[in-house]
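A.B. asks: with the sequence up front, the predicted model follows.
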Amino acid sequence: MTKAPVYYALAQAQFNPVAAMAKYVDEIQDILRREGYTLFESQEITQLQFAGFAGQVPTKPELMQVTNWIISKSDRTAGFILSSSSLAFHTTHYETRNEFLPELVQGLQAVHKVVSLEHIARLGLRYLDAVIPGEGETVSQYLAGGLQGVSFGAKQRYSMSESVFETETGPLVKSGTLVARIYCATALLGYPPDLIPHGLQPMSRFQINDVASHAVMDADHFVEGTMPIDFEQIKQQMASLHAGIKQSFEATITPHAEEVWR
């Protein structure tokens with residue numbers, strides 16, 4: 001698609017925790033800097049965690065300080081988010097999966113070279129697509145039947161739907177989970193509360209400063225398990241996750257949307 005509606009995409013790998021990551025981050029950043037990711041900053045965030053053993057009710061919640069390291073391109077179109085147990089590659093200038101998926105693997109290779117990872121615990125892909133109708137159009141022309149929410153004549157402020165699917169994936173993990181959400185609203189185009197683009201700049205056609213009727217298609221496809229550090233198989237697993245995202249996307253849109261975005 002030459003006018004693909006993707007305005008934010010994220011690929012993430014969670015790995016065995018490396019408590020001493022702060023000691024190694026400079027070396028990792030230097031490898032990625034040579035690949036064009038020259039901006040570097042650290043970020044302290046507060047997380048609410050519930051401690052407890054398996055099978056037991058979690059004890060009282062605790063506030064934990066967590067450090068993320070943000071490593072981005074100088075034009076702020078894409079970058080990495082590194083923590084002591086995960087690496088994410090994200091972009092606001094998505095082109096195709098051929099450019100997108102290899103970047104996470106490249107980042108993982110940099111991390112593995114420095115800290116010698118033991119395994120991957122989770123691989124995931126998340127795509128946000130913006131449905132912004134043209135003049136004289138409506139959101140309903142872009143979304144398949146039943147995804148626009150209830151309608152009975154009153155002015156709709158917003159609607160949200162969520163569907164969860166069990167998917168076939170591979171080769172490292174055979175079963176995945178795909179969560180497909182649709183938000184419809186008359187508001188500014190934004191991001192879900194759990195996704196932060198961390199200083200990336202949106203593509204110009206998604207820089208909309210006016211309130212408008214639109215929809216966001218939010219697809220989250222992931223697998224969990226103990227996966228070996230085999231980069232060729234990790235590439236195949238990510239491609240498998242992308243295939244599920246694509247199937248979900250194609251089932252969500254109308255022929256009109258496909259024609260407009262082609």
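C.D. replies: On my side now, so go ahead.
A.B. asks: max-length strand in this protein?
C.D. replies: Secondary structure of the chain read by DSSP state E shows that its longest strand is strand 212-227.
A.B. asks: what are the contacting residues of whichever helix or strand comes after that one?
C.D. replies: Counting by DSSP states H and E, the next helix or strand C-terminal to strand 212-227 is helix 231-252. Residues outside helix 231-252 that contact it (CB atoms under 8 Å, 6 or more residues apart in numbering): 11, 13, 97, 101-102, 104-105, 108-109, 120, 123-125, 127, 129, 143-144, 147, 165, 167, 169-173, 176, 178, 180, 182, 217, 219, 221-223, 227. (C-beta placed from N, C-alpha, C; glycine too.)
A.B. asks: buried set for helix 231-252?
C.D. replies: 234, 237, 238, 240, 241, 242, 244, 245, 248, 249, 252 (16 or more other CB atoms under 10 Å).
A.B. asks: report the next helix or strand after that helix in sequence order.
C.D. replies: helix 255-261.
A.B. asks: what lies in contact with that next one?
C.D. replies: Contacts of helix 255-261 (CB under 8 Å, 6+ apart): 1, 2, 3, 4, 5, 131, 134, 141, 142, 143.
A.B. asks: are any of the contacts of helix 231-252 buried, and which?
C.D. replies: The neighbour-count test (16+ other CB under 10 Å) marks 11, 13, 97, 101, 104-105, 108, 120, 123-125, 127, 129, 143, 147, 167, 169, 172-173, 176, 178, 180, 182, 217, 219, 221-223, 227 as buried among those.
A.B. asks: in helices, which of those residues fall?
C.D. replies: Residues of those located in helices (DSSP state H): 97, 101, 104, 105, 108.
A.B. asks: including pLDDT and distance to residue 86, could those go into CSV?
C.D. replies: Shown next, in CSV, are these (pLDDT from 0 to 100; distance: CB to CB, whole Å):
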residue, pLDDT, distance to residue 86
97, 94, 21
101, 97, 17
104, 97, 11
105, 97, 15
108, 98, 10
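A.B. asks: farthest-separated two in these?
C.D. replies: Spatially, the most separated pair among those is 97 and 108, at 16.5 Å (CB to CB).
A.B. asks: tell me the strands in the stretch 51-200 of the chain, going along the chain?
C.D. replies: Assigned by DSSP state E, counting those that start in this stretch, the strands in the stretch 51-200 of the chain fall at 61-72, 78-82, 86-91, 120-131, 158-168, 175-187.
A.B. asks: closest to residue 195 out of these?
C.D. replies: That would be strand 120-131 among the strands of the stretch 51-200 of the chain, by CB to CB, at 7.1 Å.
A.B. asks: report all helices and strands that the closest one contacts.
C.D. replies: Contacts defined by 3 or more CB pairs under 8 Å, 6 or more residues apart in numbering; DSSP states H and E place strand 120-131 against strand 6-15, strand 212-227, helix 231-252.
A.B. asks: now render those as CSV, adding distance to residue 260.
C.D. replies: Converted to CSV, the helices and strands packed on strand 120-131 look like this (distance: least, CB to CB, whole Å):
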stretch, distance to residue 260
strand 6-15, 14
strand 212-227, 14
helix 231-252, 14
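A.B. asks: dump these into a markdown table; add mean pLDDT and distance to residue 203 as well.
C.D. replies: Listed next are those as a markdown table, based on pLDDT from 0 to 100; distance: least, CB to CB, whole Å:
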| stretch | mean pLDDT | distance to residue 203 |
| --- | --- | --- |
| strand 6-15 | 98 | 7 |
| strand 212-227 | 96 | 15 |
| helix 231-252 | 97 | 18 |
